[in-house]
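*Asks:* got a sequence here, can you model it:
(3 chains)
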Amino acid sequence: MRLQRSFFARPALTVARELLGKTLVKIEPDGTRLSGTISETEAYIGELDLACHAKAGKTKRTQGLYGTPGLTYVYFTYGMHWMLNFVSDRSDFPAGVLLRAMQPIDGLDCMRARRKRPDRELTNGPAKLAQALAISQAWYGYDSCQPKATLYVEDAPVISWAQFTTQPRVGIPNVPEPWRSFPWNYQLQR
DNA sequence: AGGACGATTAACT
DNA sequence: GTTAATCGTCCTG
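*Replies:* As a prediction, the model looks like this:
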């Protein structure tokens, strides 16, 4: 069962926590199914959150964050990496959830061809996950809730409070407090 | 117009 | 543990 818009139209912290354990799916043009269990997420919440791209307001880059929940927010960084997020909360409030890692299920051969790394390094980072799924600018603003979507999330039971951990968000050492330390990173317990 | 920096990764010592 | 890679975006002047 595919997650519908009502799932994403909630606070980003809720969406980040409940995406853990669910299955990210991408169906390639040739029908190949790529999938994995979402194992790490991170929430970015509003213009006041100095770690969120929307801190600079609505721009060409960030306009998608202000859009409809359930759409993707994709961006390019460090001159070489793409990142995949799902827009959360409500329209006109910029909030999103970054997908930082997943445990591969289907399409390992396809991912191996794209990544050329050991299996454990196929999707254990945000840019690695995006590369394994071949996510780039072409997927900016893609509606994962549309009936015929080829990039979407499949439902699974919500993870219990004992099965995940939280910690400060990764890779934002220059963001001022208190934003730098808010425990808005969610990970499945290993 | 120019420069600093980034929601990272891989290769190095 | 350290650092190069590499370029779009935003801020300063």
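*Asks:* pLDDT at the residue of chain A found nearest DNA strand B, what is it?
*Replies:* Ranked by Cβ to the nearest atom of the strand, the top residue of chain A for proximity to DNA strand B is residue A:171, at 1.6 Å. No exception for glycine: its C-beta is placed from N, CA and C like everyone else's. Looking at residue A:171, its pLDDT stands at 97.
*Asks:* so which helix or strand takes in it?
*Replies:* Assessed by DSSP states H and E, residue A:171 sits outside every helix and strand.
*Asks:* quick one: it and DNA strand C, what's the gap?
*Replies:* 11 Å (Cβ to the nearest atom of the strand, to the nearest Å).
*Asks:* what's around that residue, how many residues?
*Replies:* 14 (other Cβ atoms under 10 Å).
*Asks:* from residue A:129, how far off is it?
*Replies:* Remark: distance between residue A:171 and residue A:129 (Cβ to Cβ, to the nearest Å) = 14 Å.
*Asks:* distance between the ends of stretch A:14-32?
*Replies:* For stretch A:14-32, the first-to-last residue distance is 31 Å (Cα to Cα, to the nearest Å).
*Asks:* and the helices in chain A?
*Replies:* With helices called from DSSP state H, chain A shows them at A:5-8, A:12-19, A:108-115, A:126-132.
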